[in-house]
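[1] show me how the following folds:
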Amino acid sequence: MSDFPKQFVPDSEKNEEWCEKNIKAIVAELEQSNAEGSTSSYDKDVRNYRLYNGDLIYDDYSYVTEQYKMTSPATMGNYPLSKNKIELFSLGSEITESSK
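    Here you go, the predicted structure:
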């Protein structure tokens, strides 16, 4: 983790040098997270949307099914337990909005 300058300082102490240190720390943090292969929030949103709609791509979950370079005899399956509750909640909010 990169070293960020102190953030809770008075505005009078936030000069150009302080800004440059922040920018360099942010760039270093982003480069480190990209080098580690972390998944962006957009990719996570897309994966969760696909999963919600029943489109399970097994490669997205290989870190669960293939540990220690060994394939597990169990397989992944999609059991949409919360989908009905989410749809019921959204339907209920649509009904209450339409009755207003």
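
[2] strands of this structure, residue ranges please.
    In chain order, the chain shows strands spanning 66-67, 70-71, with DSSP state E as the criterion.

[3] max-length helix in the protein?
    helix 16-35 (DSSP state H).

[4] for residue 9, which of the strands of the chain is the nearest?
    Across those, residue 9 has its closest neighbour in strand 66-67 (45.3 Å, Cβ to Cβ). For the C-beta atoms, the positions are set from N, CA and C on the backbone; glycine is no exception.

[5] list of residues touching the closest one?
    Strand 66-67 is contacted from outside by residue 72, using Cβ atoms under 8 Å, 6 or more residues apart in numbering.

[6] show the average pLDDT along that strand.
    Averaging pLDDT along strand 66-67 yields 76.

[7] ok, now stretch 16-34?
    Mean predicted lDDT for stretch 16-34 stands at 84.

[8] what of stretch 90-100?
    Taken as a whole, stretch 90-100 has a mean pLDDT of 62.

[9] ok, residue 78 - how many residues close by?
    If you count neighbours by other Cβ atoms under 10 Å, residue 78 ends up with 13.

[10] cool, and residue 76?
    Considering only other Cβ under 10 Å, residue 76 is surrounded by 13 other residues.

[11] could you do the one 10 residues further on as well?
    By the other Cβ under 10 Å criterion, the neighbourhood of residue 86 contains 11 residues.

[12] over to the one 5 residues further on?
    One way to gauge burial is a neighbour count; for residue 91, by other Cβ under 10 Å, it gives 10.

[13] got a pLDDT number for the residue nearest to the spatial centre of the chain?
    Nearest to the centroid of the C-alpha atoms of the chain, with distances taken as Cα atoms, centre = their mean, sits residue 41, at 3.6 Å. pLDDT for residue 41: 76.

[14] just wondering, since we're on it, how far is it from residue 31?
    Residue 41 sits 17 Å away from residue 31, taking Cβ to Cβ, to the nearest Å as the criterion.

[15] repeat that for residue 72.
    34 Å.

[16] cool, residue 75 as well?
    As judged by Cβ to Cβ, residue 75 and residue 31 stand 37 Å apart.
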